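Peer 1: sequence and predicted model, in that order:
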Amino acid sequence: MISFRKKVIDTSDVMVDIIKVTKSYPPNVHALIDVSLNVNKGEIIFLTGMSGAGKTTLLRLLSRIERQTKGLVEVGGYDLSKLSRSKMQKLRRKIGTAYQDFKLLPERTVAQNIAITMEVAYKRPILIRKRIKKLLDQLGLQDKYNTPASELSRGEQQRVTIARAVANEPDLILADEPTGNLDHETTGRVMELFKECNKKGATLIIATHDESIYSNTNHRVMELYQGKQMFFDSQSKKRQLPSFVDELSFGDL
Ligand SMILES: Nc1ncnc2c1ncn2[C@@H]1O[C@H](COP(=O)(O)OP(=O)(O)OP(=O)(O)O)[C@@H](O)[C@H]1O
Ligand SMILES: [Mg+2]
């Protein structure tokens, strides 16, 4: 039995530890090069960078959808390269992922799509319904409970993806461009929901192009540039050139 929450709380403040990670795709695409990052439990951190910089790749390594070519990836104290398939499955129940390409089941209703993560965790149907209604309300989708996912706009699909990611109150939330298709007001609703999850203890890693969601916060920001980490300094927002990266330890700044 994997005791993710207990181990994280009891033995370490670190939720994610990435050390000198490289991810290459044959023959010669280097999606990530020597990236190091540690994220404390209860932290919100933003991943930014141009299209193709490696943001999605980094998130995919954290849920082991992909495996790194080199380096160490630890989540909740577990070295992902060493976890058996069944332990990884258990760990994934503690990780909520909002994918950039949504991955909703088109023939299923909004409620059924969101319920999936909670059903896997054997939650009671009445609790599942209550939680889904609350999330839809928060995200401005209260009238879409029974709508098939195939009939939703992209912005609506995006919000359902987010609701599904947070529904089971995971310890770690990985959100890939969560506000990419949303207007200002709806973006605000999503960020409020994320803040609420964070207050309850969740750690969030949010990949985004939308500077408005982090520019007025004190959260750390890591920028990727062609697979290398460029900078993070939430106080001065000072940029470091990629050539400096080797001398910087993300966790020390
Ligand atoms: N399965 C794959 N095979 C080969 N190359 C890949 C694969 N997945 C990603 N890449 C490459 O890795 C690099 C990083 O891609 P990634 O999707 O992580 O970028 P991103 O920062 O998320 O971009 P975007 O902002 O457009 O979502 C890109 O050059 C991409 O083409
Ligand atoms: Mg991406």
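Peer 2: Good, I have the coordinates. Ligands and ions are numbered 1, 2, ... in the order given.
Peer 1: same for the host helix or strand of Q229, what does it pack against?
Peer 2: Secondary-structure assignment from DSSP states H and E places Q229 in strand 228-231. Where contact means 3 or more Cβ pairs under 8 Å, 6 or more residues apart in numbering; DSSP states H and E, strand 228-231 is packed against strand 29-40, strand 220-225. Every residue, glycine included, has its C-beta placed from N, CA and C.
Peer 1: mean neighbour count and distance to ligand 1 for those - can I get that in JSON lines?
Peer 2: Shown next, in JSON lines, are those (neighbours: other Cβ atoms under 10 Å; distance: least, Cβ to the nearest ligand atom, whole Å):
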{"stretch": "strand 29-40", "mean neighbour count": "20", "distance to ligand 1": "3"}
{"stretch": "strand 220-225", "mean neighbour count": "20", "distance to ligand 1": "6"}
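Peer 1: the helix or strand hosting L204 near ligand 2 anywhere?
Peer 2: For L204, the host element (DSSP H and E) is strand 203-207. No: Strand 203-207 lies apart from ligand 2 when judged by Cβ under 5 Å from the ion; the minimum separation is 6.1 Å.
Peer 1: tell me the angle that strand makes with strand 220-225.
Peer 2: Angular relation of strand 203-207 and strand 220-225 on a 0 to 180 degree scale: 30 degrees, by axes from the mean of the first three to the mean of the last three Cα atoms, to 10 degrees.
Peer 1: so strand 203-207 versus strand 29-40, what angle?
Peer 2: Using the same axes, to 10 degrees: strand 203-207 against strand 29-40 is 150 degrees.
Peer 1: tell me the strands beside strand 203-207, with direction?
Peer 2: strand 44-48 (parallel), strand 172-176 (parallel) (DSSP bridges).
Peer 1: toward the C-terminus, what is the element adjacent to the first one?
Peer 2: Translated: strand 44-48. Following strand 44-48 toward the C-terminus (DSSP H and E): helix 55-62.
Peer 1: could you do the last one as well?
Peer 2: Elements were assigned by DSSP H and E; along the chain past strand 172-176, the next helix or strand is helix 184-199.
Peer 1: if you count neighbours, what's buried in that following helix?
Peer 2: T186, T187, R189, V190, M191, L193, F194, C197, N198 (16 or more other Cβ atoms under 10 Å).
Peer 1: so the first one sits right up against I162, yeah?
Peer 2: Think T186. No: shown here, T186 and I162 do not form a contact pair, counting by Cβ atoms under 8 Å, at 10.4 Å.
Peer 1: ok, which of the strands paired with strand 203-207 comes nearest R64?
Peer 2: strand 172-176 (11.5 Å; Cβ to Cβ).
Peer 1: near ligand 2, anything from that closest one?
Peer 2: No: judged by Cβ under 5 Å from the ion, strand 172-176 makes no contact with ligand 2; its nearest approach is 5.7 Å.
Peer 1: next, the angle from that strand to helix 184-199.
Peer 2: Using the same axes, to 10 degrees, strand 172-176 lies at 160 degrees relative to helix 184-199.
Peer 1: alpha carbons only: can I get strand 172-176 in PDB?
Peer 2: C-alpha atoms of strand 172-176 as PDB (Å, rounded to 0.1, in the frame of the first residue of the first chain):
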ATOM      1  CA  LEU A 172      -0.400  17.400  -6.600                       C
ATOM      2  CA  ILE A 173      -2.200  19.200  -9.500                       C
ATOM      3  CA  LEU A 174      -0.500  19.500 -12.900                       C
ATOM      4  CA  ALA A 175      -2.300  21.900 -15.100                       C
ATOM      5  CA  ASP A 176      -1.200  22.400 -18.700                       C
END
